[in-house]
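# Dropping a prediction and its sequence here:
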Amino acid sequence: MHLVFAALGGAVLLFIVAPLAGMFLSVGKAELSDAATDPEVTASVWLTLGASMLATLAASLGAIPFAWLLARKDFPLKRLINGIVDLPIVIPHSAAGIALLGVLAPGTPVGSLGERLGVSFVGGIAGIMAAMAFVSIPFLVNSARDGFAAVPVRLELAALNLGASPLRVFFTISVPMAWRSIVSGLVLMWARGMSEFGAVLIIAYHPMITPVLIYERFGAFGLKYARPVTVLFVAVCLVFFIALRMIAGRRTNEEG
Amino acid sequence: MKKDEKRTARTILEVEGLAKRLGEFEIADVSFTVDEGEYFVLLGASGTGKTVLLETLTGVIPADSGRVTLAGHDITHERMQRRKLGIVFQDQALFPHMSVGRNIAYGPVSSGMKRSDIEILTRLLAEETGVGHLLGRSPATLSGGEAQRAALARALAAGPDCLLLDEPLSSLDSGARAEMRSLLKKLNRGGMTMLHVTHDYEEAAALATKIGIMENGTVVQVDTPQRILSHPGSEFVARFVGIRNVYRGSLVRQADGTSIFESAESEDFRLETLSEADEGEATALVRSEDVTLSAYRPDTSARNLFEGTVSEVLPARRGAEVAVDAGEMIVSMVTGWSVEALGLERGSKVFASIKASAVRIIEG
């Protein structure tokens, strides 16, 4: 049985690795360096990385306390609320974009407020961030919630008993002890945000994030032109992804 | 319980008619007072509501009714972090992501104490509890005894009016238990008021200056250990505590390998024991079944022979419990037949003998 399972597992792994490997192998050095020096490409890569990171950090201010509430407190409709958190994962992302556009477009309350503050969502970085955050926030909330739930309640009670305020307990006990899960959630949210295409496409075609750029090059020039940008972007994502995971891992080990 | 009974010393903790229902656990009409400097042990079998009581006192769960007063302040509805009732958990609950030193400093840092004062206090309490050399260590690397002492230092550092100890010895091995017992006694003598919750009557007998018995979610009897063990107020207490004779004193080793227990109460009261415990402060326990009474000086090998006067004859389930005053009170369980045959009644002279092997010694 183990052999059969291993063979099936191998097939799944191959299914993931083969297209990526094939794409990497199909792109020559020259094409890659062309892409890497193309200002349109580099600008879009930085925009994608930056917007997703800002979106993640901004969302974390609300998502982390929210995750703690979900892990620690019982309240009416909690199951429903947990379900709502997962909604962005199950709805098509173009639909998410349409829905977001409905509240962020000029003329809507939020859109008008943004305009008065000089922030334009549609066709702007704020809109890209909103779209990225919308589709990726479940990853942070769920991961942080599981992390908080794994912190023994007794430790939080012990800290309160020693005279610490609930806020101090949150920052000195709950967050440090759930740190690994929180960071893992942040990295996942960031990565998911970077790879978002559908929702961003609808809210902000320009300024162009890399997934949109890839789509445009594919549509306008075909596979050959879309590939180098794709390879470059995937490589950059992988480097950041691995580096962050290593940093998070080291930090957790030091504390443990 | 009559609540005005013990008002002479300053009352630190007063619990009046406390009630809480929590699922299938319930406490009702719990009342007792703990005086300043007292070592109060709440003794009860598991499931009698000890944990619910502790959680209500510390504010983890709100009381349904009743009142808790600490050092003159009504804290029944006080927020948890404002109650000065430091708790030491059975499993220590040290913060695993902080060093021992930072664990101890947690309370003082929370209250905004000056950094230099925190350092002094941490070191002082760590030395007092015997973890001074462990300040830089991670809690995960400590032995059970070390972790419990660190938890004690952490609770003390927050400056509580009274320490709550939740089964603090039950997770320790016997060596660490003896150390912990002496440490708890030392802290109590230093003035710290203790409320210690346990199901272990030996622990209660060895440490308490007062014992409260919990049964079915309420406190049914409060008295000194000697009185509660020799005069259990109910069948339940009698069966639960199991032991009648408790003596405080010290153990002295003899050249022949045996050891002598010397009572702190009466110079004449010395018990030979087979205990291999270390010399020093100790508590001796003797079951009433292990005390033999006779009307004349018996011809036995028992070394512990005491002449005394019967002060009380209490009918028990089987036979009677006879209390003999021989410097210390000795309670013997005898059959109804013996009571008649020996003509036991208040004032009669008897000899009580106890085999050395029947004397149980608790160190510390």
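Yep, it's here. Residues are numbered from 1 along each chain as shown, chains lettered A, B, ... in the order given.
# can you pull the contacts of residue B:311?
Neighbouring residues of residue B:311 by C-beta atoms under 8 Å, 6 or more residues apart in numbering or on different chains: B:323, B:324, B:325, B:329, B:346. Just so you know, the C-beta spots here come from the backbone N, C-alpha and C atoms, and that holds for glycine as well.
# Can you point out the buried residues in the helix or strand that contains residue A:43?
In this assignment (DSSP states H and E), residue A:43 forms part of helix A:39-72. Buried positions in helix A:39-72, judged by neighbour count with 16 or more other C-beta atoms under 10 Å in any protein chain shown: A:41, A:44-45, A:47-49, A:51-56, A:59-60, A:63-64, A:66-68, A:70-71.
# Which neighbouring elements make contact with it?
For helix A:39-72, the packing partners by 3 or more C-beta pairs under 8 Å, 6 or more residues apart in numbering or on different chains; DSSP states H and E come out as helix A:78-90, helix A:125-149, helix A:179-194, helix A:210-221, helix A:223-255.
# For chain B, find the nearest of the ones you listed.
Of all those, it is helix A:223-255 that lies closest to chain B, at 4.9 Å by C-beta to the nearest C-beta.
# tell me which strands and helices the closest one is in contact with?
Right, helix A:223-255 is packed against helix A:2-26, helix A:29-37, helix A:39-72, helix A:179-194, helix A:210-221 by 3+ C-beta pairs under 8 Å, 6+ apart.
# pLDDT averaged over that helix, what's the number?
In this model, helix A:223-255 carries a mean pLDDT of 81.
# Of all residues in chain A, which one is nearest the centre?
Closest residue to the average C-alpha location of chain A: residue A:189 at 2.4 Å, with C-alpha atoms, centre = their mean.
# Write out the residues of chain A neighbouring chain B.
A:152, A:154-155, A:157-166, A:168, A:172-173, A:176-177, A:255-256 (C-beta under 8 Å from any C-beta of the partner chain).
# Give me the buried entries from these.
A:155, A:157-164, A:168, A:172-173, A:176-177.
# Now do stretch B:109-119: distance from first to last residue.
This stretch, stretch B:109-119, spans 10 Å end to end (C-alpha to C-alpha, to the nearest Å).
# what's the average pLDDT for it?
95.
# any idea how far chain A is from residue B:45?
23 Å (C-beta to the nearest C-beta, to the nearest Å).
# Any chance of CSV for the helices and strands packed on helix A:39-72, columns distance to residue B:258?
Converted to CSV, the helices and strands packed on helix A:39-72 look like this (distance: least, C-beta to C-beta, whole Å):
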stretch, distance to residue B:258
helix A:78-90, 66
helix A:125-149, 57
helix A:179-194, 58
helix A:210-221, 86
helix A:223-255, 53
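# To residue A:6, which of the ones you listed lies closest?
Closest approach to residue A:6 among the helices and strands packed on helix A:39-72 (C-beta to C-beta): helix A:223-255, 25.7 Å.
# how about the closest one: buried residues?
Those would be A:225-234, A:236-237, A:240, A:244, A:248, A:252, for helix A:223-255 by 16+ other C-beta under 10 Å.
# Could you do stretch B:62-72 as well?
B:63, B:66, B:68, B:69, B:70.
# In three-state terms, label residue B:95 for me.
Using DSSP: H, G, I helix; E, B strand; the rest coil, the structure places residue B:95 in coil.
# Give me the pLDDT for it.
97.
# residues contacting it?
A:155, A:158, A:159, A:173, A:177, B:102, B:103, B:106, B:139.
# Sketch out the low-pLDDT regions of the chain for me.
In the absence of a named chain, this looks at chain A. Residues of chain A that meet the criterion pLDDT under 70 lie in A:249-256.
# should've been chain B
B:1-8, B:235, B:238-239, B:241-242, B:300-302, B:317.
# can you list the residues of it near chain A?
For chain B, the contact set with chain A under C-beta under 8 Å from any C-beta comprises B:58, B:60, B:80-83, B:85-87, B:89, B:91, B:93, B:95-97, B:106-107, B:110-111, B:138, B:140, B:154-155, B:157-158.
# Go ahead and build a ChimeraX selection from the buried members of those.
In ChimeraX, this line selects whichever of the residues of chain B next to chain A come out buried by 16+ other C-beta under 10 Å:
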select /B:58,60,80,81,83,85,86,87,89,93,95,96,97,106,107,110,138,154,155,157,158
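# Kindly export stretch B:70-87 (C-alpha atoms) in PDB.
Coordinates of each C-alpha in stretch B:70-87 appear next as PDB, following Å, rounded to 0.1, in the frame of the first residue of the first chain:
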ATOM      1  CA  LEU B  70      -9.400  40.800  50.800                       C
ATOM      2  CA  ALA B  71      -7.500  43.000  53.200                       C
ATOM      3  CA  GLY B  72     -10.600  45.000  53.900                       C
ATOM      4  CA  HIS B  73     -11.600  45.500  50.300                       C
ATOM      5  CA  ASP B  74     -14.600  43.900  48.700                       C
ATOM      6  CA  ILE B  75     -13.100  42.200  45.700                       C
ATOM      7  CA  THR B  76     -16.200  40.100  44.700                       C
ATOM      8  CA  HIS B  77     -16.500  42.000  41.400                       C
ATOM      9  CA  GLU B  78     -13.000  43.300  41.100                       C
ATOM     10  CA  ARG B  79     -11.200  42.800  37.800                       C
ATOM     11  CA  MET B  80      -8.800  39.800  37.900                       C
ATOM     12  CA  GLN B  81      -5.600  41.800  37.500                       C
ATOM     13  CA  ARG B  82      -6.600  44.100  40.400                       C
ATOM     14  CA  ARG B  83      -7.000  41.300  42.900                       C
ATOM     15  CA  LYS B  84      -3.900  40.800  45.100                       C
ATOM     16  CA  LEU B  85      -4.400  37.000  45.400                       C
ATOM     17  CA  GLY B  86      -1.300  35.500  43.800                       C
ATOM     18  CA  ILE B  87      -1.900  32.000  42.500                       C
END
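# who's in contact with it?
Stretch B:70-87 has contacts (C-beta under 8 Å, 6+ apart) with A:157-158, A:160-166, B:12-14, B:54, B:57-60, B:62-63, B:66-69, B:107, B:110, B:155-156, B:158-166.
# So which of the residues you listed sit within helices?
A:157, A:158, A:160, A:161, A:166, B:54, B:57, B:58, B:107, B:110, B:155, B:156 (DSSP state H).
# Pull the most distant pair out of those.
Pairwise over these, using C-beta to C-beta, the maximum falls at A:166 and B:156, 22.9 Å.
# thinking again about what came up before, just send the ones in helices among the contacts of stretch B:70-87 back as a markdown table, with distance to residue B:333 too.
A markdown table is the format used below for these (distance: C-beta to C-beta, whole Å):
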| residue | distance to residue B:333 |
| --- | --- |
| A:157 | 44 |
| A:158 | 44 |
| A:160 | 48 |
| A:161 | 43 |
| A:166 | 54 |
| B:54 | 34 |
| B:57 | 37 |
| B:58 | 40 |
| B:107 | 48 |
| B:110 | 53 |
| B:155 | 41 |
| B:156 | 42 |
